[in-house]
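J.: Could you look at this predicted model? Sequence included:
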Amino acid sequence: MMKKLNLGCSKDYKNGWINHDISDKDIYGNKNKVDVTWDLNVYPWKCFKDNEFDEINVSAVMEHLESRTKPWDELRRIAKNGCIIHVRVPHYSGYTGYDDPTHYHRYSQYTGIMIAEMWRFKLLKNKIDFSVHNPILKTFNPLVNLFPRFYERFFANIFPSQEINWDFKVEK
């Protein structure tokens, strides 16, 4: 049976997954359902074993971590060979990329390429999502992703994107 981890689940509890967050309470003190609590800024992540997971979901987590490299080391450590890691981070041009005071890092489409090279992941998906909540603006996604470097260099600060979605395959 495949073992799946939902890292930083918040209110997105996934049945059949191990759901992790820093606490079982949200920022307002309301109770969240979680299976594992651990501060991901504490290394190593002792709550997870080496080569434990077949699939890992990391949504809106990486930008909140102090280190830019240690979390990737830990993801590689806890992932089995062939593990798929789904990552969602805010795009640097979107309002959550720079306005949120809890965000330590900003990301571009090129960041995914660098992560894949540095941690020897196979990059399966590297997509800019122009607008998460607006279906009209989402129609720009194919054009933006056809020329992502051109978009980021000349248009991202005029027409900001909201997030980037990466899928990595761990190859050990």
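T.: Nice, I can see it. What you are looking at is a predicted structure, and each value in this text was computed from that prediction instead of being measured. Residues are numbered from 1 along each chain as shown.
J.: And the next helix or strand past whichever helix in the chain runs longest?
T.: Using DSSP state H, we find that the single longest helix of the chain is helix 109-119. Sequence order places strand 121-129 as the next helix or strand after helix 109-119, per DSSP states H and E.
J.: what packs against that following strand?
T.: helix 109-119, helix 141-146, helix 148-154, strand 163-170 (3 or more Cβ pairs under 8 Å, 6 or more residues apart in numbering; DSSP states H and E). For glycine as for every other residue, the C-beta is placed from the backbone atoms N, C-alpha and C.
J.: With mean pLDDT as extra columns, can I get these in a markdown table?
T.: Output for the helices and strands packed on strand 121-129, formatted as a markdown table (pLDDT from 0 to 100):
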| stretch | mean pLDDT |
| --- | --- |
| helix 109-119 | 97 |
| helix 141-146 | 93 |
| helix 148-154 | 95 |
| strand 163-170 | 97 |
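J.: Can you say which of those is packed in most?
T.: strand 163-170 (a mean of 21; mean count of other Cβ atoms under 10 Å).
J.: Neighbouring strands - and their directions - for that one?
T.: strand 79-90 (antiparallel), strand 121-129 (antiparallel) (DSSP bridges).
J.: So which of these is the most surrounded?
T.: Highest mean neighbour count of those: strand 79-90, a mean of 20 (counted as mean count of other Cβ under 10 Å).
J.: residues making contact with that strand?
T.: With contacts defined as Cβ atoms under 8 Å, 6 or more residues apart in numbering, strand 79-90 is touched by 51-60, 62-63, 75, 96-97, 100, 103, 105-107, 111-112, 121, 124, 162-172.
J.: Put the alpha carbons of it into CSV.
T.: Only the C-alpha atoms of strand 79-90 are listed here, as CSV (Å, rounded to 0.1, in the frame of the first residue of the first chain):
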residue,chain,number,x,y,z
ALA,A,79,10.8,10.2,0.1
LYS,A,80,11.2,6.7,-1.4
ASN,A,81,12.8,6.2,-4.7
GLY,A,82,10.1,7.1,-7.3
CYS,A,83,8.2,9.3,-4.9
ILE,A,84,6.2,12.1,-6.5
ILE,A,85,6.4,15.4,-4.6
HIS,A,86,3.6,18.0,-5.4
VAL,A,87,4.6,21.5,-4.4
ARG,A,88,2.6,24.7,-4.6
VAL,A,89,4.3,28.0,-3.7
PRO,A,90,3.3,31.6,-4.3
